[in-house]
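Visitor: quick one, structure for this:
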Amino acid sequence: MSEKPVEEMSFEEALKELEDVVRRLEQGDVPLDESIRLYERGAKLKRRCEKKLREAEEKVAQITLDESGNPSGTVPVEEL
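Guide: Below is the predicted model:
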């Protein structure tokens, strides 16, 4: 079975696989070599999730509100 490259995963895909990795490692019945491979994959998945969350936070931070609190446009992140 071929693993999808982490860099191509959505947040949801990476999070689901990360949860699977953690569950397998917590079971404790994985051979050492496989545990190391899972840990390394999990670290990549964690970084991917963090990156996607940062990107989402930046998009949310760009939304500007009018006097009534309604979205009125966006501001480039560089201007924040």
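
Visitor: next one: residue 69 relative to residue 3, how far apart?
Guide: Counting by C-beta to C-beta, to the nearest Å, the separation of residue 69 from residue 3 is 44 Å. C-beta: built from backbone N, CA, C; applies to glycine.

Visitor: show me where pLDDT drops low in this protein?
Guide: 1-2, 73-80 (pLDDT under 70).

Visitor: mind doing that once more with 50?
Guide: With pLDDT under 50 as the threshold, the chain has low-confidence stretches at 1, 80.

Visitor: what segments of it are strands?
Guide: In chain order, the chain shows strands spanning 63-65, 71-74, with DSSP state E as the criterion.

Visitor: quick one: closest of those strands to residue 43.
Guide: The closest of the strands of the chain to residue 43 is strand 63-65. By C-beta to C-beta, the value is 32.0 Å.

Visitor: ok, back up a step: can I get the strands of the chain in TSV including distance to residue 16?
Guide: Shown next, in TSV, are these (distance: least, C-beta to C-beta, whole Å):
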stretch	distance to residue 16
strand 63-65	28
strand 71-74	30
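
Visitor: of all those, which lies closest to residue 39?
Guide: Going through the strands of the chain one by one, with C-beta to C-beta as the measure, strand 63-65 comes closest at 37.5 Å.

Visitor: how close does residue 59 get to residue 28?
Guide: In this structure, residue 59 and residue 28 are 40 Å apart, going by C-beta to C-beta.

Visitor: so which residue is dead centre in the protein?
Guide: The centroid of the chain falls nearest to residue 49 when counting by C-alpha atoms, centre = their mean (1.1 Å).

Visitor: what about the nearest residue to that residue once chain neighbours are set aside, how many neighbours?
Guide: With sequence-adjacent residues excluded and distances taken as C-beta to C-beta, 6 or more residues apart in numbering, residue 49 is closest to residue 14, at 5.0 Å. Applying other C-beta atoms under 10 Å, we find 23 other residues in the vicinity of residue 14.

Visitor: tell me how far residue 14 lies from residue 48.
Guide: Between residue 14 and residue 48 the distance is 4 Å, computed by C-beta to C-beta.
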